[in-house]
Every structure is written in structure tokens, then in C-alpha cells.
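Any chance you can model this:
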Amino acid sequence: MKIEVVVGLNLQRLRQARDMSQLALSTESKVGQNYISNIENGKRSPSVGVLDKLAHALKAPVTEFFVAPSPRRRK
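The predicted structure is shown next:
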């Protein structure tokens, strides 16, 4: 699985676990909503700085974005 897909699935998992919309995460992290959507869909490869902003807003360690998704979480 491509790393962009892994990061996107984990971003979506973390965001949904905190019951946050993409808009709420965008506001909290100062990362554009469209950019967040593109990350979640595996279309963008975020920089370390963007991952740090998202992790901070989600109150999660940056390493959570790189956890291999379980088979039931895959698209």
C-alpha cells in the first residue's frame, strides 16, 4: 500500500475517532479543508510540518499517521 494511502486512512481514522469534521480539523490545524480531503483520499503527500499541525489538532502523535491499517480499515 502506498504511503500516501496509509497516511490518508490514518488521518481519516483519527479525525473520525474524535468526531471532527474536515472543516473543524481545518479550522483547528490551519490546514485547508480541500487539502485535508486530498490527503485522506491519498491524492496529496503532506509535508512533515503539515502532519505536525494535523497531529497537534488531533492530539495524537505524528507516528499515528504511519501505522499500517488493519484489513477492515482499508478502502
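
how far away is Glu28 from Gly42?
Distance, Glu28 to Gly42, using Cβ to Cβ, to the nearest Å: 22 Å. To be clear about C-beta, it is placed using only N, CA and C from the backbone, and glycine gets the same treatment.

what about the longest helix in the chain?
helix 3-17 (DSSP state H).

where's it relative to the chain centroid, distance-wise?
4 Å (Cα atoms, centre = their mean, to the nearest Å).

Flag the shaky bits of the protein, pLDDT-wise.
Where the chain drops to pLDDT under 70, the residues are 72-75.

What residues does the residue nearest the centre of the chain make contact with?
Geometric centre of the chain, nearest residue: Leu11, 2.1 Å, by Cα atoms, centre = their mean. Leu11 is in contact with 36, 39-40, 54, 65, counting by Cβ atoms under 8 Å, 6 or more residues apart in numbering.
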